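Trainee: Sharing a sequence plus its predicted fold:
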Amino acid sequence: MTRRTFLQRTVQLMLGLGITQYLPASWQQALAAARPRPALPPADGFQALVFCDSQCGGSYSTWHDTLASAWERFPQASFFTDIGDLADNGEDDWQWEQFLNVLRPFADAHPFRPVMGNHECYGQDWKNCLPKKYLASFNFPENGTVQFHGYFYAFEQPPVQFVALNTQMLELDEFFGQGKLLNAQLLWLKRLLRQKRQPWTVVLMHKDILAYDEYQPGSGSSGSFSDTGRAFLPTLQKLGVDLILTGHMHTYRRRGPLEGWSTGKKGPLCLMSGPAGNQCYTVPSDPLDLAAAPQPTEPNYLILTARPKELTVTCLTVSGLEIDSITLKKAGQT
């Protein structure tokens, strides 16, 4: 263990115990130097915290620690989001209560934007079900539909238009009819983004654009683009989306810009992150990966800094390791 890592972990322990004032002055100075310093909030933009896959096996203490660590470092963030798989089982009372008990103090103090994941659509028998507890737990902006209220939505935080999509066609088509959820979103997206009023468009959705080692019923294979990627990516590219943030695979990967089905000079940047809970997996690589976290990946989150002419996204672990950072600039900006 390096001295810096030791000091960072000591920071977390001492802060948690509330006893840093009892350390010698030299230690307090060293701890202060090692402690991550939050970025200043931009004068003409905002910062947001992005979490995903907060589901936990057993105690939800890891979810709490991830939230607490992020908000301690970035107290100036304007809001936070959890991009799906909030609880391990969306209809299990104990799981849902544990997730919400951790969430409430933070959501009471900061606006929270949830996104539906596949685990929100599992009943206690682990069969597909409608996400009743998820829908009943939050207030969602209107999306112009009655049938799909809460399933997908949009909101603005200048200079960004955020779009929360639903990737749970595999779990939900049996209840709504084949293709109805996807087609409703694609029509809504086209209407929404043709009238966009913000310089940037950021999409939040749970399942990733790539399959990695997860079998895809639509293509009958694993690897390459996922069923979700094939369903949404052409439309998102055509509509000029700048950034796509996903989860689901419980690791960090950076891909893009994606022009068609390969890396190009234009098109959306696609970042996958997580987990924010204690479910840590090993995920194989893909030829499109440009940056990746160590495997298995420890709990992590994103800090998004948005300004009219640039977007910066940084992935940080709870222990303070910076996995990756990338800045997007509008065309013509240097």
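Mentor: Received it, and whenever you're ready, just let me know what you need.
Trainee: Could you chop this structure up by domain?
Mentor: 1-35, 43-329 (automatic domain parsing).
Trainee: quick one: low-confidence parts of the stretch 1-150 of the chain?
Mentor: Along the stretch 1-150 of the chain, the parts satisfying pLDDT under 70 run over 1-43.
Trainee: helices or strands up against the top helix by length along the chain?
Mentor: Counting by DSSP state H, the longest helix found in the chain is helix 93-109. Applying 3 or more C-beta pairs under 8 Å, 6 or more residues apart in numbering; DSSP states H and E, one finds that helix 93-109 makes contact with helix 61-73, helix 132-137. (Each C-beta comes from the backbone N, C-alpha and C, glycine too.)
Trainee: As JSON lines, those with mean neighbour count and distance to residue 285 would be great.
Mentor: Converted to JSON lines, the helices and strands packed on helix 93-109 look like this (neighbours: other C-beta atoms under 10 Å; distance: least, C-beta to C-beta, whole Å):
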{"stretch": "helix 61-73", "mean neighbour count": "20", "distance to residue 285": "25"}
{"stretch": "helix 132-137", "mean neighbour count": "16", "distance to residue 285": "32"}
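Trainee: Reformat these as a markdown table; add distance to residue 122.
Mentor: Below are the helices and strands packed on helix 93-109 laid out as a markdown table (distance: least, C-beta to C-beta, whole Å):
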| stretch | distance to residue 122 |
| --- | --- |
| helix 61-73 | 18 |
| helix 132-137 | 11 |
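Trainee: so which of the domains of the chain is the most packed in?
Mentor: Ranked by average neighbour count under the criterion mean count of other C-beta atoms under 10 Å, the domains of the chain are headed by domain 43-329 at a mean of 19.
Trainee: Next up, the contacts around residue 137.
Mentor: 96, 100, 114 (C-beta atoms under 8 Å, 6 or more residues apart in numbering).
Trainee: Looking at these, which one is closest to residue 197?
Mentor: Distance to residue 197 across the contacts of residue 137 (C-beta to C-beta) is lowest for residue 114, with 23.7 Å.
Trainee: Are we agreed that the closest one is in a strand?
Mentor: Yes - under DSSP: H, G, I helix; E, B strand; the rest coil, residue 114 sits within a strand.
Trainee: Let me know whether it touches residue 90 as I believe.
Mentor: No - under the criterion of C-beta atoms under 8 Å, residue 114 is not in contact with residue 90, lying 11.2 Å apart.
Trainee: shared neighbours of those two, which are they?
Mentor: With C-beta under 8 Å, 6+ apart as the test, residue 114 and residue 90 both reach residue 134.
Trainee: hang on, the earlier thing: so which of the helices and strands packed on helix 93-109 is nearest residue 282?
Mentor: helix 61-73 (17.7 Å).
Trainee: residues making contact with that closest one?
Mentor: Applying C-beta under 8 Å, 6+ apart, the contact partners of helix 61-73 are 12, 15, 36, 38, 49, 51, 54, 56, 77, 80, 99, 102-103, 106, 110, 276-278, 299-301, 303, 316, 318.
Trainee: Repeat that for stretch 254-264.
Mentor: Residues outside stretch 254-264 that contact it (C-beta under 8 Å, 6+ apart) are 209-210, 225, 233, 237, 265-272, 286, 288-292, 324, 326.
Trainee: From start to finish, how long is that stretch in a straight line?
Mentor: Its first and final residues considered, stretch 254-264 spans 14 Å by C-alpha to C-alpha, to the nearest Å.
Trainee: Can you check what pLDDT the model gives the residue nearest to residue 165 when sequence neighbours are not counted?
Mentor: Of all residues not flanking residue 165 in the chain, residue 205 sits nearest, at 4.1 Å (C-beta to C-beta, 6 or more residues apart in numbering). Note on residue 205: pLDDT of 98.
Trainee: Give me the phi and psi for residue 205.
Mentor: phi -150, psi 150 (degrees, to the nearest 10).
Trainee: That one contacts residue 229, doesn't it?
Mentor: No - contact between residue 205 and residue 229 fails when scored by C-beta under 8 Å: they sit 10.2 Å apart.
Trainee: Give the residue spans of the stretch 151-300 of the chain that score low on pLDDT.
Mentor: Counting by pLDDT under 70, the stretch 151-300 of the chain shows no low-confidence range.
Trainee: Now do the helices in it.
Mentor: Taking DSSP state H, counting those that start in this stretch to define them, one finds helices in the stretch 151-300 of the chain at 169-176, 180-193, 227-238.
Trainee: of all those helices, which lies closest to residue 120?
Mentor: Nearest of the helices of the stretch 151-300 of the chain (C-beta to C-beta): helix 169-176, 8.7 Å.
Trainee: what's that closest one packed up against?
Mentor: Using 3+ C-beta pairs under 8 Å, 6+ apart as the contact test, the elements touching helix 169-176 are helix 180-193, helix 227-238.
Trainee: helices and strands around the shortest one, which ones?
Mentor: Counting contacts by 3+ C-beta pairs under 8 Å, 6+ apart, helix 227-238 is packed against helix 169-176, helix 180-193, strand 258-259.
Trainee: The first one vs helix 227-238, what angle?
Mentor: To tie it back to what came earlier, the one meant is helix 169-176. Using axes from the mean of the first three to the mean of the last three C-alpha atoms, to 10 degrees, the inter-axis angle of helix 169-176 relative to helix 227-238 is 90 degrees.
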